[in-house]
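**Student:** How does the following fold in three dimensions:
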Amino acid sequence: MNERKTVLKFRIAISLCFAMAATAAAQSAIPRAANGKPDFSGRWEGPFIQDMSKDLRNQKGAGEIPLTDWGKEKMATQIDVSVHCLPTGYVRTTNAPFPLEIIQREGRITFLYEINNNFHIVFTDGREHPKDWEPTWAGHSIGKWDGDTLVIDTVGFNGKTQLDTEGHPHSDQLHVVERLSYIDPTHLNYDLTIEDPKTYTRPWKNVRTFTATPNYELLEYSCNENNKDFTEGHIK
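**Tutor:** Numbers count the residues shown, from 1 in each chain. Here you go, the predicted structure:
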């Protein structure tokens, strides 16, 4: 019996060594910028996140987003801004079933989105958020490195958009923290935390994977005014 246990422990140790070696090899193969940090430049596509409550992981109350009374009222009465071709907002733009392109330069990282031909800049030059910001549809983002993970902190929202197609709302108190890191050279781990004390009773997360699509070029996206599906009551 003791001999069997020894053999089992040996096999487990060997498996762990192989797994660690494979992980180390994948990490060493990821693209890096001149400063040694991971380079996320390229075209990527993630899953369509229609309802962010479907991807809550390892949390108490998973599958149920903790709305405040104000948040519940907001969700029940708001109008989807996308039917008027208004900006869909920072979080919902990333949730959309369209690819994006990342352009990484010293001091800033630019995200180009196919949906609505949006773009967003993340400043990585050491600056902080401005003390008196002008609220915008997509907020103000700064990025800092935690090892090989890029941590993006975004505030300064105008509160006029929704987080997803399901209609989960937010206020101008929304605070978004994203953690972006390589899994291997063709996959990124994307970890999103939502904090909005006016709309939600506690912070909550959503996690997903982005896949490299190097052969895809972003297409023109056009949203036109006077959407008859909305004005004539086909959608609400």
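**Student:** and the gap between Pro203 and Glu166?
**Tutor:** Distance, Pro203 to Glu166, by Cβ to Cβ, to the nearest Å: 19 Å. (Each C-beta comes from the backbone N, C-alpha and C, glycine too.)
**Student:** for Leu86, same thing?
**Tutor:** Using Cβ to Cβ, we find Leu86 at a distance of 18 Å from Glu166.
**Student:** Show me what secondary structure element comes after the lowest-mean-pLDDT helix or strand in the chain.
**Tutor:** Sorting the helices and strands of the chain by mean pLDDT, DSSP states H and E puts helix 2-28 at the bottom, at a mean of 54. Per DSSP states H and E, the first helix or strand lying C-terminal to helix 2-28 is strand 42-45.
**Student:** Tell me the helices and strands packed up against that following strand.
**Tutor:** Identification of packing neighbours for strand 42-45 by 3 or more Cβ pairs under 8 Å, 6 or more residues apart in numbering; DSSP states H and E yields strand 100-105, strand 204-212.
**Student:** can you rerun that using 10 Å?
**Tutor:** In this structure, strand 42-45 packs against strand 100-105, strand 187-195, strand 204-212, with contacts taken as 3 or more Cβ pairs under 10 Å, 6 or more residues apart in numbering; DSSP states H and E.
**Student:** can you give me the mean pLDDT across the second one?
**Tutor:** If I follow you right, that is strand 187-195. What strand 187-195 shows for mean pLDDT is 97.
**Student:** the inter-axis angle of that strand versus strand 204-212?
**Tutor:** Strand 187-195 and strand 204-212 are oriented at 160 degrees to each other (axes from the mean of the first three to the mean of the last three Cα atoms, to 10 degrees).
**Student:** Adjacent strands (with direction) for strand 187-195?
**Tutor:** strand 175-184 (antiparallel), strand 204-212 (antiparallel) (DSSP bridges).
**Student:** Tell me the buried residues in that strand?
**Tutor:** Of the residues in strand 187-195, Leu188, Tyr190, Asp191, Leu192, Ile194, Glu195 count as buried by neighbour count, 16 or more other Cβ atoms under 10 Å.
**Student:** Name the residues of stretch 79-99 that are buried.
**Tutor:** Under 16+ other Cβ under 10 Å, the buried positions of stretch 79-99 are 80-82, 87-96, 98-99.
**Student:** repeat for stretch 68-81
**Tutor:** Applying 16+ other Cβ under 10 Å to stretch 68-81 flags Thr68, Gly71, Lys74, Met75, Asp80, Val81 as buried.
**Student:** which one of those is nearest Asn35?
**Tutor:** Asn35 lies nearest to Val81 out of the buried residues of stretch 68-81, by Cβ to Cβ, at 38.1 Å.
**Student:** So for the nearest residue to that closest one once chain neighbours are set aside, what's the pLDDT?
**Tutor:** Counting by Cβ to Cβ, 6 or more residues apart in numbering, Val81 lies nearest to Thr161, which is 5.6 Å off, once chain neighbours are set aside. Note on Thr161: pLDDT of 96.
**Student:** Check the contact between Thr161 and Asn95; I expect there is one.
**Tutor:** No - the pair Thr161 and Asn95 fails to qualify as a contact (Cβ atoms under 10 Å) at a distance of 11.2 Å.
**Student:** For Glu114, the count of nearby residues, please.
**Tutor:** 21 (other Cβ atoms under 10 Å).
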